[in-house]
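Engineer: Generate coordinates for the sequence data below:
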Amino acid sequence: MVKNSNLSFPSRKWATIVNLIRSYTGTVLDIISGILLVPLYLVYIDPRLYGAWMATGSIIALLGMSDFGLNSVIVQKIANLSRHNDQHKIGGMIKTSLVCALFLSLVPLIISVILYKYVPFIVQIEGTEALQLSHAFLIAALATSLMLINYAIGGVFLGLQQTKVYTVMCIVSRIISIIASIIFLING
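Structural biologist: Numbering: from 1, shown residues only. Okay, here's the model as predicted:
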């Protein structure tokens, strides 16, 4: 076992407090998002298309589970290695974890590319709305793939007990998500 004092870890108490802040801030941002975005959606999106969009969201949510629990394993394995302060093994675990996460993050995108032509048929929508829905489905699939990568990177930070970095990542990504939604809505 290689010992190296270059890795420093915050106390578990501090990590717990930061995780609690991240969790509550995420909940507040989700509430703000729901209160702000749903009425905005209904201004820019026909209610029938919005309903179809919500229905396809369930498909995207299922695809979001395609990491098969990898992120939990990343956190556990890196935290265990960090306990022994073995930088070589930690580096190898991080590389392996991120490569696996990258491949698993492609699953939602690949499946969505196969399914996107059938989505309008599944939710029984036609015409220009069908095209809009198909495009939105692909964008959501890409966002889901990026989310899975983000979770894997976050898992590395959580395993290293670098909760401040992960908290900033989560909060910034949620804010960007809200802003991107508003921009996409306004620009059609």
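Engineer: if you take the average position of the chain, which residue is closest to it?
Structural biologist: By C-alpha atoms, centre = their mean, the mean C-alpha position of the chain lies nearest to residue 147, the distance being 2.5 Å.
Engineer: isn't it right up against residue 64?
Structural biologist: Yes. Applying C-beta atoms under 8 Å, one finds residue 147 in contact with residue 64, separated by 6.7 Å. All C-beta spots, glycine's among them, are computed from the backbone N, C-alpha and C.
Engineer: What is the one helix or strand residue 31 maps to packed up against?
Structural biologist: Assigned by DSSP states H and E, residue 31 falls within helix 12-44. Helix 12-44 makes packing contacts with helix 163-186 when contacts are defined by 3 or more C-beta pairs under 8 Å, 6 or more residues apart in numbering; DSSP states H and E.
Engineer: who touches the helix it packs on?
Structural biologist: Outside helix 163-186, the residues that touch it by C-beta atoms under 8 Å, 6 or more residues apart in numbering are 10, 14-15, 18-19, 21-22, 25-26, 29-30, 32-33, 36-37, 40-41, 43-45, 139, 143, 150, 153-154, 157-158.
Engineer: what's the angle from that helix to helix 12-44?
Structural biologist: Helix 163-186 and helix 12-44 meet at an angle of 0 degrees, taking axes from the mean of the first three to the mean of the last three C-alpha atoms, to 10 degrees as the criterion.
Engineer: Could I get the buried residue list for helix 163-186?
Structural biologist: Neighbour-count burial for helix 163-186 flags 163, 166, 167, 169, 170, 171, 174 (criterion: 16 or more other C-beta atoms under 10 Å).
Engineer: Helix or strand for the residue nearest to the centre of the chain, just tell me which one.
Structural biologist: Assigning secondary structure by DSSP H and E places residue 147 in helix 128-159.
Engineer: roughly how far is that helix from the heart of the chain?
Structural biologist: Centroid displacement of helix 128-159 relative to its chain, using C-alpha atoms, centre = their mean, to the nearest Å, is 7 Å.
Engineer: before we move on, what about stretch 156-176?
Structural biologist: 12 Å.
Engineer: Sketch out the low-pLDDT regions of this protein for me.
Structural biologist: Along the chain, segments meeting pLDDT under 70 span 1-10.
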